[in-house]
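Asks: Coordinates only, no sequence provided:
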């Protein structure tokens with residue numbers, strides 16, 4: 001089992017609004033024991049024309065039973081044009097997210113199939129104002145390993 005993880009990532013986004021570069025550092029640790037508690041942190045920097053900003057993300061997960069895992073997370077910072085999960089998600093809505101937290105449950109049905117459910121809470125800032133609103137989401141799906 002890998003107890004420690006360390007990673008570096010970067011991306012470049014060019015669109016009609018301009019250029020956006022991101023660089024980030026990720027670190028994680030898994031504690032010994034049957035619960036397999038793990039912690040992952042990342043710090044990213046977004047560099048846009050005239051606008052540089054940090055984004056911090058923290059996750060903690062644990063095995064609840066032999067087949068069920070839970071992971072909680074929190075992300076702080078202006079997520080406009082932020083990419084997450086190796087660019088699987090790019091947050092580029094008109095109203096940027098400024099705070100995100102959530103909980104995901106994973107149910108391992110076998111070696112190849114996992115069901116998951118996710119709840120997320122976001123605080124979004126209305127573009128070019130200081131006004132915020134809340135957004136809640138529920139999602140779920142199936143992960144199938146070939």
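Replies: Done, it's in. The structure displayed is predicted, hence computed values, not measured ones.

Asks: Can you name the residues bridging to the residue most central in space within the chain?
Replies: Centroid-nearest residue in the chain: residue 84, 5.5 Å away (criterion: C-alpha atoms, centre = their mean). Beta-bridge pairing for residue 84 (DSSP bridges): residue 89.

Asks: what's the answer for residue 43, then?
Replies: residue 25, residue 56.

Asks: surely it meets residue 53?
Replies: No - taking contacts as C-beta atoms under 8 Å, residue 43 lies outside contact range of residue 53: 11.6 Å. Yep, even glycine has a C-beta here, placed from its N, CA and C like the rest.

Asks: Buried residues, stretch 138-146. List them.
Replies: Using 16 or more other C-beta atoms under 10 Å as the test for burial, stretch 138-146 gives no buried residues.

Asks: can you check stretch 71-85 too?
Replies: Buried-residue list, stretch 71-85, by 16+ other C-beta under 10 Å: 71, 73, 75, 77, 78, 79, 80, 81, 82, 83, 84.
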